[in-house]
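Engineer: From the sequence below, what's the structure:
(chains A and B)
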Amino acid sequence: MTDRETHVTEDELHAFVDGELPADRRETVSAWLAGNPEQAALVAAWRAQADSIRARYGDVVNEPVPERLQLDRIIKNDITTARGGAWTSMAAAAVLLAFAAGGGAGWYARAATTPAPVAMAPVPAPAPIDTFTADALDAYKLYVVEVRHPVEVPGTEVGHMKQWLSKRVGHELNIPDLQSIGLKLVGGRLLPGPTGAAAFYMYEGPSGERFTIYCGKAGGPETALHFKSGGQFASFTWVDDKIGYVVSGPANRERLEAVTKTVYEQVDKTPEKKG
Amino acid sequence: MATFRQSVELTIPALRRYARALTRDADIADDLVQDTLVRALRSEHLFLGGDVRSWLYTILTNLNRNRLRSLSRRPSISSIEENDAPDMAGPESGARDIQRALASLVEDQRHALLLVVLEGLSYREVADVQGVPIGTVMSRLARARAQIKSFLDGERPALRRVK
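Structural biologist: Residues are numbered from 1 along each chain as shown, chains lettered A, B, ... in the order given. Predicted structure coming up:
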C-alpha cells in the first residue's frame, strides 16, 4: 500500500502535528495517514497529549499576575538590593531558600512582605573575586548558547566597542585580538558587574566553540591566575591594575590556558593602560 | 525602552504558564518567572531589538536547568506532595495523568515539548532557546512523545481498576 515516493518519516509526522510542514507536503502526509491506521493512531495520540497539556495549563495565562511579578515592583526591589552589592547570587539564593523553607510558600511570603534587601545588605564591601568569577561564568553560560543575539556590538565594530565599553567601565580597555590562536571576535556586551559595569567579549573558534572575556573594576588586590572548573565550563580569573579579568570557555584546561595566556599578554602590555 | 518593558510585560502570563507546566507548582513557578524578569530587566540596556519573547524563554529555561541542578543535591519536596494528592475521577484525573507523564520526562525533553505544544514556538525558535540544532529539538520531541505515550498507556488500566 505504501508508495515509496510518498513514504513519510516519523520526523515528518511530528512536523505535521506541529504545523511545521509546508502546505503541499501536509496534504501528502494527510493522504498517507488515511491508508496507514497505525501511524494515524500515533498522530492522534500525540494530538491528544498536546490537548491534555493545553487543557491542564492553558488557563494559567488568564490568571491575574501576582503583585510580586509586576515590573515596577521588580525594578524597585532590584535597585534596592543591588545597592547592597548582594544581588549576584539572589536568583540562586531565592530558589534554594524556597526549598529550604519547605516549598515555595516560604519564599513567597518572604518576598511579598519582608523588605528582603535590608536583611541581605550588610556593609557594602568590595566584590570578592569569587563573586566576579561567578558573574562571569553566569554571563558565559547565558550568552554562549545564544544563536541570534550573542552580542550587542558585532566584532566588526571593535573600535567603537572599545571606546564605548572603556567609557562605561571607567577604564581604558584593550580588546584582545585572538586571531593568532584561531579565535574570531564575535563582539561584545556591557553587563552589570559586582561593582559596576563590566565588559564582556565573545570569541568563536572554527568549530563553533566559544570563549568569553569578562572584565571590570575589581576591589581586591592583584592576584595570580586562578583556575575554576564547573562541569562543562571553566575559567581563569586574575586581577591586574584594579581590573578583574575572567576568561571562560569549554572545560578543556589546556586550550583555555593557551587562550588565557594570549589574552593576558595583550591586556598586560597595553601601552595606554594609564591613559 | 518602553517597548522593551511592554514586550516583557506582555509575555509574563505566558512565562507563568510555561513555568507552571515545568515545575508543576504555582509558587516555585512564579519564583522562576520572578528570577527571569529580574535578569531580563537588568539586561534591558543590552537589548537592541530582536525577539524579547524567545529571549525570556531562554533565560527561564536556563534558570530552570540550574534550579534542577541545585535541587538534585537536595531531597525532593514537590514529589511528596504529588504522591499525597488523592486520585480523582473524571476530567481531573486526565489532567493529573498528563501532569505525571510530564514529570517522567528528562528535563531537556520537557522543555522542548512544552515550548512547542504549550507555548507555540517554532522548531527554529526552540532550537535557539535550547542552543541546539533543530534535529536535536526534533529528537527530543519524539522521545518526549514516546515516553508520555508509554506512560499513559501503562497507567490507564490501573485507573480503570480503581473505578
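
Engineer: so which helix or strand takes in residue 55?
Structural biologist: Unless you meant another one, I'm taking chain A. helix A:37-57 (DSSP states H and E).

Engineer: Wait, chain B was what I had in mind.
Structural biologist: Using DSSP H and E, B:Trp55 falls in helix B:52-71.

Engineer: again with A:Phe200
Structural biologist: Assigned by DSSP H and E, A:Phe200 belongs to strand A:196-204.

Engineer: Surely A:Ser52 and B:Gln99 touch.
Structural biologist: No - with contact defined as C-beta atoms under 8 Å, A:Ser52 and B:Gln99 do not form a contacting pair (9.1 Å). C-beta coordinates here come from the backbone N, C-alpha and C atoms, glycine included.

Engineer: How many residues are close by the closest residue to chain A within chain B?
Structural biologist: Closest to chain A within chain B is B:Asp27: 2.5 Å, counting by C-beta to the nearest C-beta. Per other C-beta atoms under 10 Å in any protein chain shown, the neighbour tally for B:Asp27 reads 18.

Engineer: So it versus B:Arg16, what's the distance?
Structural biologist: The gap separating B:Asp27 from B:Arg16 is 11 Å, by C-beta to C-beta, to the nearest Å.

Engineer: Can you get me a residue count around A:Val247?
Structural biologist: By the criterion of other C-beta under 10 Å, A:Val247 has 28 neighbours.

Engineer: What backbone torsions are found at it?
Structural biologist: Main-chain torsions, A:Val247, degrees, to the nearest 10: phi -100, psi 120.

Engineer: contacting residues for it?
Structural biologist: A:Phe211, A:Thr212, A:Ile213, A:Ser235, A:Phe236, A:Thr237, A:Leu256, A:Val259, A:Thr260, A:Val263 (C-beta atoms under 8 Å, 6 or more residues apart in numbering or on different chains).

Engineer: Helix, strand or coil: sort out the nearest residue to the last one once chain neighbours are set aside for me.
Structural biologist: Distance criterion C-beta to C-beta, 6 or more residues apart in numbering or on different chains; nearest residue to A:Val263, sequence neighbours excluded, is A:Pro176 at 4.8 Å. Three-state call for A:Pro176 (DSSP: H, G, I helix; E, B strand; the rest coil): coil.

Engineer: which ones are touching A:Pro176?
Structural biologist: Residues near A:Pro176 by C-beta under 8 Å, 6+ apart: A:Tyr201, A:Ile213, A:Thr262, A:Val263, A:Gln266, A:Val267.

Engineer: so the fourth one makes contact with A:Leu178?
Structural biologist: Meaning A:Val263. Yes - the criterion here is C-beta under 8 Å, and A:Val263 meets it with A:Leu178 at 7.2 Å.

Engineer: For A:His149, give its distance to A:Lys162.
Structural biologist: 21 Å.

Engineer: Can you check what pLDDT the model gives the residue of chain B closest to chain A?
Structural biologist: Among the per-residue scores, B:Asp27 holds a pLDDT of 90.

Engineer: same thing with A:Gly155?
Structural biologist: For A:Gly155, the predicted pLDDT is 89.

Engineer: go on, B:Arg161?
Structural biologist: 47.

Engineer: A:Leu69 too?
Structural biologist: On pLDDT, A:Leu69 comes in at 93.

Engineer: From what I see, it and B:Thr36 are in contact.
Structural biologist: No - look at A:Leu69 against B:Thr36 with C-beta under 8 Å: they stay out of range, at 9.6 Å.

Engineer: The two: which is more packed in?
Structural biologist: The neighbour count for A:Leu69 versus B:Thr36, taken as other C-beta under 10 Å, is higher for B:Thr36 (28 against 19).
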